[in-house]
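**Q** coords below, sequence missing:
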């Protein structure tokens, strides 16, 4: 079932209250009848981008560029995180918020840094960890840190449960969300074993001068109330050619974050998989994350 | 599609069969059979000298080098805390040309290539640095990369990584709508926006 059928059925059920008001501007109707992103041709994408850019211009009095760059051929993105180095400083959290235009209030963050006591049964027990640590300096003695974000699963359980197919896995391995197609049911959030998906309970807000105006349709373009979002490996950066590293990789002061093409044997991600001790979170669930934690020591 | 699946299975097999990597002693000599011309050059960030200190020859050209290990009356901010019992300044700095560094075999390297100095004693780390696994590279994952110099992260005189002040913790669930405002900070030349909480 696609979103339109779903909405049609739902609308029948509740007497059409989900439809835009009769006197809504044309763009609202256009948005409502927007086609499914994956079925759009280039012309249709261009029209949607034009409509969105106009909408954003009116709302933020600022030009926000919305790209629709397609996946690069022969690329499957992978990520590595060195737990021997991470000190829990949270630079990555805010580089991500800044790059990806997350709502400041209500607060949304894609990366959660967990602190564990040395010797804790940590991999199996994420719930035992503490994300509200705040010492003068990090690392705190006898503690270590594990940042968690979307693991870009090869078998993403979130995708399977979405009733409108508003979230899917792209050919380059990035799991994306179409915010305009998401109906906010949050099944995906319940299905994600990593707590990686975030929900816009309220109207997302960002001071206009803080908005990153380089955006991608499937990434950091402005979000709307009632939609789900998450890390996309900075799709707006990595899908350029040449593609930039994700913001969290570049900001990490200890160099714990690694990124590259899993199909390229020379890439740092392949080299580390082949030479270091690696593991993936909750491997037993067979979600097959493309996010590898590793120990360089 | 099937091709990708097969590939992925292969990856998994590779991982399982992966030899456990052991950090043997960190004294391998990666540089031993390289002559000066063979040393590959990496595009790196810049050395970060204190204002006014470079070129060192401004002062040192007119000074007679003193090779004695001693208490210095200048550069007193420098604390040698790097295998200090075995080491003296002139193991790394060239006595006769202060503008360059000196390798164990007497060859010179510029400060832009100080990684070759560090690599003499930290061979395994140097190898990982070259492949991007130790330290950091920025730029393009499928294109040109800029390497961070070892000394951008490690003070060569006291190389243990310095503790950092953590950025604000996330709001508790009941407080996510109570973020007062945001403020910007600069981290390594990048502007980041962080929350300002009540009290």
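**A** Thanks, I have it. Here the structure is a predicted model, which means the values were calculated and not measured.
**Q** count of neighbours near residue B:157?
**A** 17 (other Cβ atoms under 10 Å in any protein chain shown). All C-beta atoms are positioned from the backbone trio N, CA, C, and that covers glycine.
**Q** check the gap between it and residue B:47 for me.
**A** 14 Å (Cβ to Cβ, to the nearest Å).
**Q** name the element residue 152 belongs to?
**A** Because you didn't say which chain, this covers chain A. Secondary structure assignment for residue A:152, by DSSP states H and E: no helix or strand.
**Q** ah, no, chain B please
**A** With DSSP H and E as the criterion, the answer for residue B:152 is helix B:150-153.
**Q** is that helix anywhere near chain A?
**A** Yes - using Cβ under 8 Å from any Cβ of the partner chain, helix B:150-153 reaches chain A at residue B:153.
**Q** contacts made by that helix with the rest, please.
**A** Here helix B:150-153 makes contact (Cβ atoms under 8 Å, 6 or more residues apart in numbering or on different chains) with A:253-255, B:45, B:47-48, B:114-115, B:118, B:129, B:135-136, B:156, B:161.
**Q** residue in chain B nearest to chain A?
**A** Residue of chain B nearest chain A, by Cβ to the nearest Cβ: residue B:143 (3.0 Å).
**Q** where along the stretch 1-150 of chain A do the strands fall?
**A** Remark: strands assigned in the stretch 1-150 of chain A by DSSP state E, counting those that start in this stretch are A:65-67, A:77-82, A:112-117, A:143-148.
**Q** now these in TSV, with mean neighbour count?
**A** Below are the strands of the stretch 1-150 of chain A laid out as TSV (neighbours: other Cβ atoms under 10 Å in any protein chain shown):
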stretch	mean neighbour count
strand A:65-67	18
strand A:77-82	25
strand A:112-117	20
strand A:143-148	20
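**Q** quick one on the thing from earlier: what residues sit buried inside the helix or strand that the helix holding residue B:152 is followed by?
**A** Using DSSP H and E, the helix or strand that follows helix B:150-153 in sequence is strand B:181-187. For strand B:181-187, a neighbour-count test (16 or more other Cβ atoms under 10 Å in any protein chain shown) marks B:182, B:187 as buried.
**Q** so strand B:181-187, near chain A or not?
**A** Yes - using Cβ under 8 Å from any Cβ, strand B:181-187 reaches chain A at B:182, B:184, B:187.
**Q** spatially nearest residue to residue B:111 (excluding sequence neighbours)?
**A** Among residues not flanking residue B:111 along the chain, residue B:47 sits closest, at 4.4 Å (Cβ to Cβ, 6 or more residues apart in numbering or on different chains).
**Q** do you know the pLDDT at the one you found?
**A** Note for residue B:47: predicted pLDDT of 93.
**Q** element containing it?
**A** Of the helices and strands defined by DSSP H and E, none includes residue B:47.
**Q** so it is in contact with residue B:114, correct?
**A** Yes - the pair residue B:47 and residue B:114 passes the contact test of Cβ atoms under 8 Å, sitting 6.8 Å apart.
**Q** shared neighbours of these two, which are they?
**A** Common neighbours of residue B:47 and residue B:114 (criterion: Cβ under 8 Å, 6+ apart): B:149, B:151.
**Q** neighbour count: those two, which is higher?
**A** More neighbours surround residue B:114 than the other of residue B:47 and residue B:114, with 20 against 14 (other Cβ under 10 Å).
**Q** residue A:242: how many residues sit nearby?
**A** 13.
**Q** give me the distance between the residue nearest to it when sequence neighbours are not counted and residue A:240.
**A** For residue A:242, ignoring the flanking residues on the chain, the nearest one in space by Cβ to Cβ, 6+ apart is residue B:143 at 3.0 Å. In this view, residue B:143 and residue A:240 are 9 Å apart by Cβ to Cβ.
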